[in-house]
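K.L.:
Compute the structure for the input listed below.
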Amino acid sequence: MPKKKNSSFESSIHVYRAMKRMTQQELADKVGVSRQTIIQLERNRYNPSLLLAHDIADVFEVPIEQIFTFKKLTEEEQTNEVTD
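P.N.:
Numbers count the residues shown, from 1 in each chain. The predicted model follows:
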């Protein structure tokens, strides 16, 4: 049985990259990760460490909360996450 998720994570990295006209590879090079990591972050399939989130926010000169959104899921949303 899959584990229920209690929270949801979303990133707006792609929005900030577009505003700075920056490629995924350029961002990856600036924060010291692979392009694949940036792809996974943009697709909300990977949760960054606090240090990585901080480094990305520094590149865009905004608070972490503007790029990464963490949300507590309701019981119904938790059930839907398991079945998706």
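K.L.:
Every contact and neighbour count from this point should use C-alpha atoms.
P.N.:
OK.
K.L.:
Next, count neighbours for V15.
P.N.:
12 (other Cα atoms under 10 Å).
K.L.:
Please report phi then psi for F68.
P.N.:
Main-chain dihedrals, F68, degrees, to the nearest 10: phi -110, psi 130.
K.L.:
Helices along the protein, start to end?
P.N.:
13-20, 24-31, 35-42, 50-60, 64-67, 75-83 (DSSP state H).
K.L.:
Dump these into a markdown table; add mean pLDDT as well.
P.N.:
A markdown table is the format used below for the helices of the chain (pLDDT from 0 to 100):
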| stretch | mean pLDDT |
| --- | --- |
| helix 13-20 | 96 |
| helix 24-31 | 98 |
| helix 35-42 | 96 |
| helix 50-60 | 96 |
| helix 64-67 | 93 |
| helix 75-83 | 61 |
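K.L.:
and the residue most central in space within the chain, what are its bridge partners?
P.N.:
Central residue of the chain (Cα atoms, centre = their mean): S11, 3.7 Å from the mean position. Assessed by DSSP bridges, S11 has beta-bridge partners F68.
K.L.:
which ones are touching it?
P.N.:
For S11, the contact set (Cα atoms under 8 Å, 6 or more residues apart in numbering) comprises 41-42, 44, 67-69.
K.L.:
what about it, distance to E75?
P.N.:
Distance, S11 to E75, using Cα to Cα, to the nearest Å: 22 Å.
K.L.:
now swap in F9 and tell me
P.N.:
F9 sits 16 Å away from E75, going by Cα to Cα.
K.L.:
higher neighbour count, those two?
P.N.:
F9 (15 against 12).
K.L.:
Thought I67 was touching the more buried one, still the case?
P.N.:
No - applying Cα atoms under 8 Å as the test, F9 and I67 come out as separate, 10.6 Å apart.
K.L.:
what's the spacing between the residue nearest to the centre of the chain and I67?
P.N.:
5 Å.
K.L.:
Same check on L52?
P.N.:
12 Å.
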